[in-house]
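K.L.:
Coordinates for the following, if possible.
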Amino acid sequence: MQWRSIVVGLLVLRLAVSCVLWLAFGLGPSWGFNFPIKFNFNLHKLELFKDSQGANARTNAWLNQLHRNGNSHHSTCSKSSGSAPKKSYLSLLEDGRDEYARKYSTFPENLKSKMRGMAKEMFYFGYDNYMKYAFPEDELNPIDCQGRGPDVLNPSNININDVLGNYSLTLIDTLDTLLVLGNVSEFHRAVKLVIDTVSFDKDSTVQVFEANIRILGSLISAHILLTDSKQPFGNVGLEDYDNELLHLAHDLAVRLLPAFENTSTGIPYPRVNLKSGVPPDSINETCTAGAGSLLVEFGILSRLIGDSTFEWVARRAVRALWNLRSNETGLLGNVVNIQTGQWVGKQSGLGAGMDSFYEYLLKSYILFGEKEDYTMFKAAYESIQNHLRRGREECNEGEGDPPLYVNVNMFNGQIMNTWIDSLQAFFPGLQVLNGDVENAICLHAFYYAIWKRFGALPERYNWQLQAPDVLFYPLRPELVESTYLLYQATKNPFYLHVGMDILESLEKYTKVRCGYATLHHVVDKSKEDRMESFFLSETCKYLYLLFDEDNPLHKSENKYIFTTEGHVVPIDKRFREKQWKDMMPCEEGMPSDQDKTSVPPTNTSNCDRIPDERRYALPLKSVYMRQIDQMVGLL
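P.N.:
The predicted model follows:
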């Protein structure tokens, strides 16, 4: 009898825990998100709540993958039986579809103007208070209305010290945003302040990656926009400007070069001291994104000044990482030893530690036209689709879970954990640039559903537990960026509604006395006293551009691309020209037959196909409406 009591007790305990989770987070047996349209029942569950049999790794439900890997959690999104006719549950939701069409198929011009004004006001509220209370320090503490610089008393505080270098970070990172907003006079004032007050001769140890994307990238972007003969933002030339921003960028890049020295692999150290070089106690481990996302900024700098050094070291690092990928899957890990080339972190995903590595393979090729960059991107994208993607085979057809990209072991493709992070929300935007708009729509809808539920993106979200794993949101721009690019690709008003929702959430939950604060907890909306520079550089910029149809970036005959920090760079033939002998043809740097650690490269003839940078101006696809309808029903 005792064992029966124990069993009954365990069942009661399990039921109680389920009830607590339901009450605390609104979790149910479905995904548990609140999407724009709310139904009184879960049709997805009614039609698909059956055990699946014989599904392969790519089409099987996400949770079934865990079950096959030794986890006993059952799927709630199984396929229906093969004998049943394939009938979409959407056929029962005609009223819901009409409601969706009424609510999201239009976006009035006056509302668009209002949102554009709100985005501009948001930027200036943060920027003006930074200039008033924080400059020349790196960041603004928006709650206390004070400036923030490096944590000199605690050098191990890399969360702060990797980013802040005592070099007026927020002002520099914001330069081109001022032009995007049309404020030429303030842009000129900011440029003069940078020229007159900023020096990199500092005893500051910073992360190479952060200094590159936030500081070097912004200086280069502002210099190009100042000197561009095409003048997309009108006459923004500055009298007596003598390439000072370019000289500052060159000085910073030289100070970052020691990171590439004395490494056995060519993969750089993660941090340097701007005055003395690599610290003596520097670790020999770095993440893939940190080491492999330097090529855009370093490459542009090399081509502007005619010195191959910077592009060469950045490209060497990319090649070194690429040649370490798995022979079985073609995937890379997230942390590598720069001396031994051994993978310390074997997790392969699309988020932290990996994200911008993939982004820069494609964007480097669009900018520079180097054939090997697209060869690598194409092979990487194929490996991602083969091993990271879970859910139904077709994004817009069939049954089962919508697509999701999970974290797997780089060597065998097995799921390593059940969380994804907010940085992965950049990937739909990259898919748009690659022309894969349908899959971009699917993944974006997943992340937007999470935003709808919490009014922000938690840093990590557990898709098995349907709850956040890491609860803070530091005002990241990735979902806004993908929303903007998808709107440019489809011109569907739905994305304007998404942008409005994000904008209003930021106003409601993150605005404080002197700016916008990091959310410490996306559920209770408690805050941390920090406004990172990318909020002004990216989040506000993409929100403004989303609602500003007449922006020069959209009207100009010239094409532009954004760096991973959101800095504007023109796609210009001068960046496809080098003033030095080509020492790095497409085939060089591809794995040799003797390289047993990597998969064979994609046929180098694919190097000849340049991704069309105009793809983000694709016309509306009819499949879009069906996909959003499906996500509404599912979520």
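
K.L.:
Show me the shaky parts of this protein.
P.N.:
Low-confidence segments of the chain (pLDDT under 70): 1-100, 582-635.

K.L.:
Not counting its neighbours along the chain, what's nearest the residue most central in space within it?
P.N.:
By CA atoms, centre = their mean, the mean C-alpha position of the chain lies nearest to Phe426, the distance being 3.0 Å. In this structure, Phe426 finds its nearest non-sequential neighbour in Glu478, 4.2 Å apart by CB to CB, 6 or more residues apart in numbering. No exception for glycine: its C-beta is placed from N, CA and C like everyone else's.

K.L.:
Burial check on the one you found, number of neighbours?
P.N.:
Residues lying near Glu478 (other CB atoms under 10 Å) number 25.

K.L.:
Likewise for Arg316?
P.N.:
18.

K.L.:
nearest residue to it other than its sequence neighbours?
P.N.:
Gly266 is the one closest to Arg316 (CB to CB, 6+ apart), at 4.3 Å.

K.L.:
pretty sure Ile158 contacts Phe209?
P.N.:
No. Ile158 is beyond contact range of Phe209, at 12.0 Å (criterion: CB atoms under 8 Å).

K.L.:
of the two, who's got more company?
P.N.:
Regarding Ile158 and Phe209, a neighbour count based on other CB under 10 Å identifies Phe209 as having more, with 25 against 15.

K.L.:
ok but that one is inside a helix, no?
P.N.:
Yes. Under DSSP: H, G, I helix; E, B strand; the rest coil, Phe209 sits within a helix.

K.L.:
Please give me every residue in contact with the residue lying closest to it once chain neighbours are set aside.
P.N.:
Nearest residue to Phe209 in three dimensions, chain neighbours excluded: Gly290, at 4.0 Å (CB to CB, 6+ apart). By CB atoms under 8 Å, 6 or more residues apart in numbering, the contact set of Gly290 is 207-209, 270, 353.

K.L.:
Apply 7 Å and report the result again.
P.N.:
207-209, 270 (CB atoms under 7 Å, 6 or more residues apart in numbering).

K.L.:
separation between it and Glu328?
P.N.:
Taking CB to CB, to the nearest Å as the measure, Gly290 and Glu328 are separated by 25 Å.

K.L.:
List the contacts of Glu370.
P.N.:
Each residue near Glu370 by CB under 7 Å, 6+ apart is listed here: Ser364.

K.L.:
quick one: it from Arg325, how far?
P.N.:
Using CB to CB, Glu370 is found at 19 Å from Arg325.

K.L.:
Likewise for Leu479?
P.N.:
28 Å.

K.L.:
Same check on Pro280?
P.N.:
Distance of Pro280 to Arg325, given as CB to CB: 31 Å.

K.L.:
More neighbours: those two, which one.
P.N.:
Neighbours per residue, other CB under 10 Å: of Pro280 and Arg325, the larger number sits with Arg325, 24 against 7.

K.L.:
Could you double-check that the more buried one lies in contact with Gly333?
P.N.:
No. Counting by CB atoms under 7 Å, Arg325 stays clear of Gly333, with 8.6 Å between them.

K.L.:
Next, Val300: secondary structure please.
P.N.:
To be clear, residue 300 is Ile; Val isn't right here. Under three-state DSSP, the three-state class of Ile300 is helix.

K.L.:
Looks like it contacts Ile220 (just checking).
P.N.:
Yes. Counting by CB under 7 Å, Ile220 is a contact partner of Ile300 at 5.5 Å.

K.L.:
Ala190 touches Asp173, doesn't it?
P.N.:
No. Using CB under 7 Å, Ala190 is not in contact with Asp173; the gap is 10.7 Å.

K.L.:
more neighbours, the two?
P.N.:
Asp173 (27 against 23).

K.L.:
Tell me who's in contact with the more buried one.
P.N.:
Residues in contact with Asp173 (CB under 7 Å, 6+ apart) are 214, 218, 533, 536-537, 565.

K.L.:
Show the contacting residues for Val198.
P.N.:
For Val198, the contact set (CB under 7 Å, 6+ apart) comprises 167-168, 172, 248.

K.L.:
and Phe107, what is it in contact with?
P.N.:
By CB under 7 Å, 6+ apart, the residues touching Phe107 are 493, 496-497.

K.L.:
Quick check: of those, which lies closest to Tyr405?
P.N.:
His497 (24.6 Å; CB to CB).

K.L.:
if you skip the residues just before and after it, what's nearest to that closest one?
P.N.:
Distances taken as CB to CB, 6+ apart place Tyr104 nearest to His497, at 5.3 Å, with adjacent residues excluded.

K.L.:
mind listing what's buried in stretch 228-242?
P.N.:
For stretch 228-242, the neighbour count (16 or more other CB atoms under 10 Å) marks 232-233, 236, 238, 241 as buried.

K.L.:
Need the contact partners of that stretch.
P.N.:
Stretch 228-242 is contacted from outside by 179, 184, 187-188, 191, 225-226, 552-553, 556, 558, 570, using CB under 7 Å, 6+ apart.

K.L.:
First-to-last residue distance for it?
P.N.:
Chord length of stretch 228-242, first to last residue, is 14 Å (CA to CA, to the nearest Å).

K.L.:
so who does Asp501 touch?
P.N.:
By CB under 7 Å, 6+ apart, no residues touch Asp501.

K.L.:
Double-check that it belongs to a strand.
P.N.:
No. Counting by three-state DSSP, Asp501 falls outside a strand, being helix.

K.L.:
so how far is Tyr104 from it?
P.N.:
Separation of Asp501 from Tyr104 (CB to CB) stands at 11 Å.

K.L.:
Could you do Val568 as well?
P.N.:
From Val568 over to Tyr104 the distance is 29 Å, taken as CB to CB.

K.L.:
cool, Leu553 as well?
P.N.:
Taking CB to CB, one finds Leu553 at 25 Å from Tyr104.

K.L.:
What are the contacting residues of the helix or strand harbouring Ala253?
P.N.:
Applying DSSP states H and E as the criterion places Ala253 in helix 244-256. Helix 244-256 is contacted from outside by 191, 194-195, 198, 200, 208, 211-212, 215-216, 219-220, 222-223, 272, 274, 298, 301, 304-305, 310, using CB under 7 Å, 6+ apart.

K.L.:
how far does it sit from the chain's center?
P.N.:
Chain-centre distance of helix 244-256: 26 Å, with CA atoms, centre = their mean, to the nearest Å.

K.L.:
Just checking, which helix or strand succeeds it along the chain?
P.N.:
Taking DSSP H and E, what comes next after helix 244-256 is strand 271-273.

K.L.:
Report the distance from that next one to the chain centre.
P.N.:
The answer for strand 271-273 is 24 Å, by CA atoms, centre = their mean.

K.L.:
Which of the helices or strands spans the spatially closest residue to Gln342 that is not a sequence neighbour?
P.N.:
Among residues not flanking Gln342 along the chain, Val336 sits closest, at 7.1 Å (CB to CB, 6+ apart). Val336 is located in strand 335-337, with elements delineated by DSSP H and E.

K.L.:
got the residue ranges for the strands in the stretch 501-635 of the chain?
P.N.:
In the stretch 501-635 of the chain, the segments counted as strands under DSSP state E, counting those that start in this stretch are 511-512, 515-516, 518-519, 527-528, 560-562, 568-570.

K.L.:
of all those, which lies closest to Phe357?
P.N.:
Taking CB to CB, strand 560-562 is the member of the strands of the stretch 501-635 of the chain nearest to Phe357, at 16.5 Å.

K.L.:
Contacts for that closest one, please.
P.N.:
Outside strand 560-562, the residues that touch it by CB under 7 Å, 6+ apart are 363, 366-367, 553, 568-571, 613.

K.L.:
Recalculate using a threshold of 10 Å.
P.N.:
With contact meaning CB atoms under 10 Å, 6 or more residues apart in numbering, strand 560-562 is reached by 176, 217, 221, 225, 232, 296, 359, 362-363, 366-367, 429, 433, 481, 484-485, 538, 541-542, 545, 552-554, 567-572, 613, 616.
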